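Participant: Sequence first, then the predicted structure:
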Amino acid sequence: QVQLVESGGGLVQAGDPLKLSCTCSGRPFTNYAMAWFRQDPGKEREFLAAVTYNGINPRYSNSTMGRFTITKDNTKNTGYLQIDSLKPEDTAVYYCAARLEVLLEVRRINPNEFPFWGQGTQVTVSS
């Protein structure tokens, strides 16, 4: 069974960068596609980015392309989400998710398509 733990969230200033981490345990992360989502209270979970099992082919939502960068380091069993130029509207709980998938692109990005989730990390951006 795969366990995912996010870290790196906190209170940050608008305009600052932030790098979130997602550490996998229980299984090697090698054969898992990974994604990042975020959620505000009362809203649906929003897809941000995903990357293939080998960390080579990322996919972004239209709203995150340009400021968000997803990476995956299988040697460290860890994935990352770099967010640049943070905005107050980026305030949310950020989740990483994974599924067993060895494909050259991530096609399915609905949250229901990912069986493994971390507990989330809060990011609060002050203006």
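Facilitator: Thanks, I have it.

Participant: Beta-bridge partners for Asp70, please?
Facilitator: Careful, residue 70 is Ile; it's not Asp. In this entry, Ile70 is beta-bridged to Leu81, by DSSP bridges.

Participant: how close does it sit to Gln1?
Facilitator: For Ile70, the distance to Gln1 (C-beta to C-beta, to the nearest Å) stands at 23 Å. From N, CA and C alone the C-beta is placed, and that goes for glycine too.

Participant: Arg45: what's it in contact with?
Facilitator: Contacts for Arg45 (C-beta atoms under 8 Å, 6 or more residues apart in numbering) come out as 37-39, 95, 111.

Participant: buried subset of those?
Facilitator: Listed as buried from the contacts of Arg45 are 37-38, 95; burial here means 16 or more other C-beta atoms under 10 Å.

Participant: Let's see which of the residues you listed end up in strands.
Facilitator: With strands taken from DSSP state E, the overlap with the buried ones among the contacts of Arg45 comprises 37-38, 95.

Participant: ok, Phe116 - contacts?
Facilitator: 2-4, 32, 97-99.

Participant: if I look at the residue nearest to Ala14 when sequence neighbours are not counted, how far off is Val93?
Facilitator: The shortest distance from Ala14 to any non-neighbouring residue, by C-beta to C-beta, 6 or more residues apart in numbering, is to Ser127 (5.0 Å). Distance, Ser127 to Val93, using C-beta to C-beta: 19 Å.

Participant: Among these two, which residue is more densely surrounded?
Facilitator: A direct count of neighbours by other C-beta atoms under 10 Å for Ser127 and Val93 places Val93 higher, at 18 against 9.

Participant: so Ser126 bridges to which residues?
Facilitator: Taking DSSP bridges as the rule, Ser126 bridges to Gln13.

Participant: Give me the distance between it and Gly10.
Facilitator: Taking C-beta to C-beta, one finds Ser126 at 11 Å from Gly10.

Participant: what pLDDT does the residue nearest the centre of the chain get?
Facilitator: Among the residues of the chain, Trp36 comes closest to the average C-alpha position under C-alpha atoms, centre = their mean, at 2.3 Å. On pLDDT, Trp36 comes in at 98.

Participant: right, and it touches Ile70 too?
Facilitator: Yes: contact status for Trp36 versus Ile70: in contact at 6.2 Å, counting by C-beta atoms under 8 Å.
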